[in-house]
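Colleague: just need the structure, nothing else, for what follows:
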Amino acid sequence: MEEFFEAVNYIREIYTGTPRYGIILGTGLGRLVNDIDIECTIEYEKIPHFPVSTVESHHGKLIFGKISDKPVVVMQGRFHYYEGYSARQITFPVRVMKLLGVEKLFISNACGGVNPAHEVGELMIISDHINLHPDNPLRGPNLDFFGPRFPDMSEPYDRKMIAQAQEIAKKHGINIHTGVYASVTGPNLETPAEYRFIRILGADVVGMSTIPETLVARHMGIPVFAISVITDLGVEGRIEEVSLEMVLAAAAKAEPNMTRIFRELLALQP
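Modeller: You can find the predicted model right below:
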């Protein structure tokens, strides 16, 4: 517990506000920061015990300010299991967010679509997930201060916020899906056989993040809203070699719609 409070105390020396909403920005989705009335920015490397992002497209900054007049803390860049971090290290910032006052968590990610009805550049609201990671951030001694030993996961993603986001998308004519997100370790993308396997399991998309953060947030009673940008396809007959540049281009195409949904969804929160 001590390391969480050391991180919080350091942040409090720089920023004394209370962010009620936490946002985690995924691969190529960092431009939401343009909508923030920024009050303070802290680099990850300066925060005690904070991991440091090693991925080229993740900036590594904690940003405090307001979006739609709501006080937020935004992670511009996240951490992944494939970087060598443990599940507990990956989710360290979510625990810190809770101690700072965060009441709801918003997550974005880039993913591969395995549902034949999906297209590159489209968005999918996550309604449920399948955890294919070999580690779990809740493994080990339970942190009773934060939550119970066996947290319920009957509603991993908040139904009310999902419905609100669907209405926002409908209002603006945004083609959006709702479905199941599967998370694997990466960093390699999946083989055709693995894509088929993931689809058979019941997933609509596959990525390398989000679920660890969701598990920790729900352990602490924080409602979660998550959205995926489909940056490539793992559908038989449509699989092609993918580069980081292609992923970033697809994310950039979808980013304005994702940003609009986040901004208007935040405005609806009490």
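
Colleague: E39 reaches G17, doesn't it?
Modeller: Yes - contact criterion CB atoms under 8 Å: E39 and G17 qualify, at 6.6 Å. Heads up, the C-betas are built off the backbone N, CA and C, glycines and all.

Colleague: contacting residues around the one helix or strand in the chain whose mean pLDDT sits lowest?
Modeller: Every helix and strand in the chain was compared by mean pLDDT, DSSP states H and E; the lowest is helix 244-268, with a mean of 92. Helix 244-268 is contacted by residues 21, 23, 26-29, 31-32, 35, 56-57, 67-70, 72, 106, 108, 110, 120-123, 161, 164-165, 168-169, 172, 174, 176, 225, 227, 229-232 when judged by CB atoms under 8 Å, 6 or more residues apart in numbering.

Colleague: now do the buried residues in that helix.
Modeller: Buried residues in helix 244-268, counting neighbours by 16 or more other CB atoms under 10 Å, are found at 247-248, 250-251, 254-255, 257-266.

Colleague: point me to the residue sitting closest to the centre of the protein.
Modeller: Per CA atoms, centre = their mean, the C-alpha nearest to the average position across the chain is that of I107, at 3.0 Å.

Colleague: which residues does it bridge with?
Modeller: I24, A226 (DSSP bridges).

Colleague: report the contact partners of it.
Modeller: By CB under 8 Å, 6+ apart, the neighbours of I107 are 23-24, 26, 210, 213-214, 224-227.

Colleague: repeat that for 6 Å
Modeller: For I107, the contacting residues are 24, 210, 226, by CB atoms under 6 Å, 6 or more residues apart in numbering.
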